[in-house]
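Undergrad: One predicted model, sequence on top.
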Amino acid sequence: MSVFLTRHGQTDWNKKNFIQGRIDVPLNETGIQEAKQLRDKLKDTEIDIIFCSPLRRAKQTAEIINENRNIPIVYESKLLEQYYGEMERKPRSGEAYLSQRSRCATRYPGGESYLDVAARIYPFLNHLNATMRDKNILLVCHGGISRVINSYFKPMENDEFFNFVMENCGLLKYEFPDLPKPDYFEDYKD
């Protein structure tokens, strides 16, 4: 079966190119329309379960996609956007942000690094791989998280990783890799 990945619809902060991170910003009218377009695109796609970030912009997107479908939605904290710490609420064009952005192992001041994000996303995806291979899954999350999810499914060079952009309500489809089932899958805790 398949894993579908989307990013939430547009927010006013996306439009202004501000770093949102964990700031709980709602969809704007464009974002609502984008989510409705994605809902229509997915209307004939079998989806067994939706895992969604608990941030409002992702929740609104998942709920719109799920209109008239009654697919179970699980709000999963592992899918929260990367925490950008002191960089949140600042423009993405700022020199400090751009300098920090290309360093996987360095945490944003007061926030997370990409390695921190991978440390929570990869075990979650491994758990889904071990327990839900027979399901079609939709993940509704954020730009930074989608970059890490994409790297789980597709080998990426550093430049490709940092230049990867998931558009608002874009849609990607993956298949779980064949991984041996090591004992640590049993240790996963929600």
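TA: All right, it came through fine.
Undergrad: Which stretches in this structure count as helices?
TA: 12-16, 29-41, 56-65, 95-101, 114-131, 143-153, 158-163 (DSSP state H).
Undergrad: Give me the distance from the shortest one to the chain's centre.
TA: When you say that, I think you mean helix 12-16. Centroid separation for helix 12-16 versus its chain: 18 Å, with C-alpha atoms, centre = their mean, to the nearest Å.
Undergrad: Can you dump the C-alpha atoms of it in PDB for me?
TA: Extracted in PDB, the C-alpha atoms of helix 12-16 (Å, rounded to 0.1, in the frame of the first residue of the first chain):
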ATOM      1  CA  ASP A  12      -0.900  34.400   6.000                       C
ATOM      2  CA  TRP A  13       2.500  33.700   7.400                       C
ATOM      3  CA  ASN A  14       3.400  31.600   4.400                       C
ATOM      4  CA  LYS A  15       2.300  34.400   2.200                       C
ATOM      5  CA  LYS A  16       4.500  36.900   4.100                       C
END
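Undergrad: how about that helix: buried residues?
TA: 13-14 (16 or more other C-beta atoms under 10 Å). To be clear about C-beta, it is placed using only N, CA and C from the backbone, and glycine gets the same treatment.
Undergrad: and that helix, what's its mean pLDDT?
TA: Averaged over helix 12-16, pLDDT sits at 96.
Undergrad: how close does the residue nearest the centre of the chain sit to Asn66?
TA: For the chain, Cys141 is the residue whose C-alpha lies nearest the centre (C-alpha atoms, centre = their mean; 3.1 Å). To Asn66, Cys141 is 15 Å away according to C-beta to C-beta, to the nearest Å.
Undergrad: now Gln60
TA: Distance from Gln60 to Asn66, by C-beta to C-beta: 11 Å.
Undergrad: Run the chain-centre distance for the lowest-mean-pLDDT helix or strand in the chain.
TA: Within the chain, no helix or strand scores below helix 95-101, which has a mean of 78 by mean pLDDT, DSSP states H and E. Relative to its chain's centre, helix 95-101 lies at 21 Å (C-alpha atoms, centre = their mean).
Undergrad: got the buried residues for that helix?
TA: Quick answer for helix 95-101 (16+ other C-beta under 10 Å): 97, 100-101.
Undergrad: picking that back up, go through the helices of the chain and pick out the most buried.
TA: Per-stretch averages of neighbours, counted by mean count of other C-beta atoms under 10 Å, single out helix 56-65 among those, with a mean of 23.
Undergrad: residues making contact with that one?
TA: By C-beta atoms under 8 Å, 6 or more residues apart in numbering, the residues outside helix 56-65 that reach it are 6, 8-9, 11, 20, 24-27, 31-32, 35-36, 38-39, 42, 50, 52-53, 73, 75, 79, 138, 140-142, 169.
Undergrad: For Lys135, grab the count of nearby residues.
TA: Neighbour count for Lys135, taken as other C-beta atoms under 10 Å: 14.
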